[in-house]
Structures are given as C-alpha cells and as structure tokens.
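>>> pasting the structure only:
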C-alpha cells in the first residue's frame, strides 16, 4: 500500500474512532483521551515542515467541526506539527534513523525512543488544547491534573493502536 | 530589502507556524461570541449527516428510557386537558382556544387576532456531549423546518438549552450544561415564587447551582424550581430542577446558593421540543423603545 493511501485511510479511521468512540466515553471529568493526533505523529520522516503544519491544521479543523470547538484542536495540532522535527532531531541517533521504514513507529525508532517521542508530543498537544479549553489559569491544579491524566490515557491508547496496526518487520 | 527576503526565507517555517496559530486562535475567539453563527460546526451537512447515521444505531439502546419518558409526558398532558375535568360551572358558557394566525408570505401579517404565544416543534437529538466545559446538542431540525437561533429547547422532563446556530436541516443547541457567565436561565421557586438564576458549574451533568435566592425564602429538599417566564425564551413553570441542598455562603451575603438536581436527564436525551415565542419581537421592541425613552 502506498504511503499516501495509507495516510488517507489513517486520517479517516482516526477521526471516526475519535468522534464516535472516544468522545462518547465518559470516564471522568479529568480524563478525556484523544487519539487522533497519532496521524501527525506517524507522518513520514521526510515530509517538509510546511506540509506537516498544513496537514495538522486540516486534521485539527476536521475534528473541531465535529466537536464544536472551533480552532482549539487545530491550534494544538499545528503546534505539535511545528515541534515534531525538533523532537525527532533530538531523539535520532547520529546520522538519522535507519530508514528502511519511512515513518516513525516502534520498529523504525525503537520502542523506548518512540514512547518518549509520543509522550512529549501528546503532552504538548494536551497542554495547548486544555489550556485553550479551560481558558484561564484560575484553577491551575485542575488544569494540570487534567493534562497529565488525559495524556496518560491518550498515550496508552496510542501504544495500543500501534501494537494492533503495525506489523513488526 | 534583499536581507529582508533572506530573513523571511530562512525563518519561513516559523512564520508559517505563527500565521497558522493566529488563524486558529482567531477562530477560537470568534467562536466564543455567543450569537456568532459559525458555519463550520456540527450543524453542517457532512458532520450532521454522519451524526444522524450514527444516532440511528445508538438510538436503539435508549428506546426503553425514551418510551418511558414520552409515556410519562403523555399522561401529564392528558391530565391537563380540559376534557379530563368535570366542569360544574356551566354559566361561563363555551370557551374557545385562542390562536393568533399569521399570513404565510414574508410580511407575517396577522390575519386573526386571537393570541397564541408559544409554538412547539419536536426534534430528534442526534449528538450530545456531557464532559466538556461548554456542551452542545445537535438536533435534526433546521431553518427549513422553522428553527431559528435563540429559541428555547426543553425535554419532556425539563429545560435543555437554547438554539445557537442553524443550518438547513440541523441546529446546534447550547446546552444548559455550559460553564459560562453568558448562559444562565431565569428561574423561580415553584412555591415561594422567589427569583434566581441557574448556572452550571462544570462538574456533574446531573447538578446545577441556583443563585440569588433571598435568605427569606422557605426552602425544603425536593422543592421544584421552574422557569420564571420573564425571558422570552421559555414559557413559565417549566421544571429546571429540584432542590438538593443549600448553603448560606458568607454571613455578609444576602442570598442563598442552592444546589439543584436537574430535571432533565442529559445522559439519555433523545427527543426535545424547540419553542418559538411568536410574541418575542413585539415584547423585545416594546422593551427596547421604552429603554431608549428613559435614556
């Protein structure tokens, strides 16, 4: 399957999972997991940064359309799309990753590297999104707890998704 | 000039990032204005249709609860109609329902002068959220079927929210479960008639807070709180919630803060009624012109 087709399918699939499964689950006021930003996390390594950011904007706006949170998810997505190359640079070994696979995954980056990579970006995404959503630092503890607990839940789902859908070559 | 272009090209990524973020933030703020009818929301055709399809499946799981609430409401309405009362007073003669009729064209001229104040439309709920600071409900009825922004929305058991934006076939309702100062519903105690306002504090979808009730009010657990009918959105005496507990606040304040159990069960909302106030414009223009006179 070509990378383009694979990403288009992933875009739709993640959006549907997010809107019709995760948004319907009420775990706790503090825990609302998001998985759709996995789309940005696993875009190919060699994608230029403007394309990354525009795809982030597209993904964010699509979800905003469903959730009536105009611009909030888009802002968070563009933010992590912009920071993604920095994080990959920091985590990559000398001379870059062995590019037998062209996308970040547990097999191409190594399990621990990928976990750190995902954790940082998920945390940043949630920080931006929940700060915009709560809008104000009136209750910083609530905000912090919400960010941390939701990040943990999202990360758990992302690992699950990776293990389900990626064959280890 | 050349240096400027080099500078821009070197930091192109960063500027693109800033531009996109600014666009997003502008969208966030535009959307925050209460009356703004954003086109890209869950009332548009793509997401509206998808939610509709999804709800077709999900609806079956709530059939029992929906039936129960509709039957309960039917019973209440049967009890309210005139034929259920054995009228002993015959001297008053016949009573006729009063209805104000409008012409169908755009001028909306009044054809007959009998007065009808509220008209109800039924609507199917196709999407509903509970766990956000601002919660929205999407309903399958839009401008083609007579829905306009700023109409009140009630469920068979109580108040639900206010219509915010409308597309051809769908409408988005700002739910009572919205943690915002702009969302408050004018309320009063069913027994004592004291006035207050109902807010949601963002914690539990089953409870809300009633503020500004004077300390002199006689409160008991389980008392009903209903709409006041002062705002043009809702008729009076529609239940909002039931008193669960109340506190004095600090000694200096002159009002009570009351915890309410909401009358509407937002967890399994399936059908709502949208209320059109046919006399709203008349009331509004009279109030506005009076206000101008005083100014």
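Ah, there it is. These numbers were taken from a predicted model, which means no experiment stands behind them.
>>> now for chain A, the helix or strand with the poorest mean pLDDT.
helix A:106-109 (a mean of 78; mean pLDDT, DSSP states H and E).
>>> what's the spacing between that helix and its chain's center?
In terms of CA atoms, centre = their mean, to the nearest Å, the centre of helix A:106-109 is set 16 Å apart from its chain centre.
>>> go on, stretch B:9-29?
Worked out by CA atoms, centre = their mean, stretch B:9-29 lies 36 Å from the chain centre.
>>> contact partners of it?
Here stretch B:9-29 makes contact (CB atoms under 8 Å, 6 or more residues apart in numbering or on different chains) with A:49-50, A:53-54, A:56-57, A:60, A:64, A:70-72, A:74-75, A:78-79, A:82, A:132, B:8. In short, each C-beta sits where N, CA and C put it, glycine included.
>>> restricted to helices, list the residues you listed.
Of the contacts of stretch B:9-29, the ones assigned to helices by DSSP state H are A:49-50, A:53-54, A:56-57, A:60, A:64, A:72, A:74-75, A:78-79, A:82, A:132, B:8.
>>> and the residue lying closest to residue A:74 once chain neighbours are set aside, how far is that from residue A:52?
Leaving aside its sequence neighbours, residue A:74 sits nearest to residue A:60 (CB to CB, 6 or more residues apart in numbering or on different chains; 3.1 Å). Residue A:60 sits 12 Å away from residue A:52 when distances are taken as CB to CB, to the nearest Å.
>>> residue B:76: which of the ones in helices among the contacts of stretch B:9-29 is nearest?
residue A:64 (39.9 Å; CB to CB).
>>> residue B:203: neighbouring residues, count only.
Number of residues near residue B:203 (other CB atoms under 10 Å in any protein chain shown) recorded here: 11.
>>> per-residue pLDDT, the closest residue in space to it that isn't next to it in sequence?
Nearest residue to residue B:203 in three dimensions, chain neighbours excluded: residue A:29, at 6.4 Å (CB to CB, 6+ apart). We have a pLDDT of 77 for residue A:29.
>>> my guess is residue A:29 meets residue B:205, correct?
No: contact status for residue A:29 versus residue B:205: not in contact, 9.4 Å apart, counting by CB atoms under 8 Å.
>>> between these two, point out the one with more neighbours.
Neighbour tally, residue A:29 and residue B:205, criterion other CB under 10 Å: the higher count belongs to residue B:205, 21 against 17.
>>> which residue is nearest the centroid of chain A?
Centrality entry for chain A: nearest residue to the mean C-alpha point is residue A:37, 2.7 Å, by CA atoms, centre = their mean.
>>> now do the contacts for it.
Counting by CB under 8 Å, 6+ apart, residue A:37 has contacts A:59, A:76-77, A:80, A:121-122, A:125, A:154.
>>> and those residues as CSV, adding pLDDT and neighbour count?
Formatted as CSV, these follow (pLDDT from 0 to 100; neighbours: other CB atoms under 10 Å in any protein chain shown):
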residue, pLDDT, neighbour count
A:59, 92, 24
A:76, 92, 28
A:77, 93, 30
A:80, 93, 26
A:121, 93, 24
A:122, 94, 26
A:125, 94, 29
A:154, 93, 25
